[in-house]
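>>> my questions concern the predicted model and sequence given below.
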Amino acid sequence: MRAVVQRVSRAKVSVNGEIAGEIGLGLLVLLGVGRDDNESDAIYLAEKIAGLRVFEDEQGKMNLSVQQVGGSVLAVSQFTLYGDVRRGKRPSFDAAAAPDAAKRLYEFFVEHIRSAGLRCETGRFQEMMQVELVNEGPVTILMDSRKEF
């Protein structure tokens, strides 16, 4: 499972002009599910993200988690995180999970974030979405449950 995590002052995702999810201070998580991923991958990333210390403390150091600053999470499914462009110029998505399995693990991830006591908004799975954000810092962290990077 892969995630692009961005520290935001605000973010929203819309589908067909309607806001599907919106947060203020918090983390935008673009989440891709791989073909071989399972619930342990989702738990690993959810726990890492819930405790990720990327918000500044009184001394200006990134030392606080989204929980500690009272922030929220906006989780958006994004299978294109498994796009492989090593051969040619058109991405191959062979490593991405099939839609049914990906949806189940995406929803499991969201529930695990919520069970950590965080407000978690979402996009809409398998829909064309427009994502707007203000990345603070900018701070962007790449994560992979298989620790490939």
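On my side now, so go ahead.
>>> do me a favour and average the pLDDT over stretch 109-119.
Mean pLDDT, stretch 109-119: 98.
>>> in this protein, which spans are helices?
Residue ranges of the helices in the chain, as given by DSSP state H, are 39-51, 99-115.
>>> show me what the last one is packed up against.
Applying 3 or more Cβ pairs under 8 Å, 6 or more residues apart in numbering; DSSP states H and E, we find helix 99-115 packed against helix 39-51, strand 72-77, strand 120-122. Yep, even glycine has a C-beta here, placed from its N, CA and C like the rest.
>>> quick check: which of those is buried the most?
Greatest average neighbour count among those goes to strand 72-77 (a mean of 24), per mean count of other Cβ atoms under 10 Å.
>>> just the CA atoms of that strand, as CSV, please.
Extracted in CSV, the C-alpha atoms of strand 72-77 (Å, rounded to 0.1, in the frame of the first residue of the first chain):
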residue,chain,number,x,y,z
SER,A,72,-8.3,15.9,10.4
VAL,A,73,-7.5,13.5,7.6
LEU,A,74,-8.8,13.6,4.0
ALA,A,75,-8.2,10.1,2.4
VAL,A,76,-8.5,9.9,-1.3
SER,A,77,-8.1,6.7,-3.2
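>>> that strand pairs with which strands?
Strand 72-77 has the following sheet partners, assigned by DSSP bridges: strand 26-32 (parallel), strand 120-122 (parallel).
>>> columns distance to Gln67 on top of those strands, output as TSV?
Below are the strands paired with strand 72-77 laid out as TSV (distance: least, Cβ to Cβ, whole Å):
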stretch	distance to Gln67
strand 26-32	10
strand 120-122	12
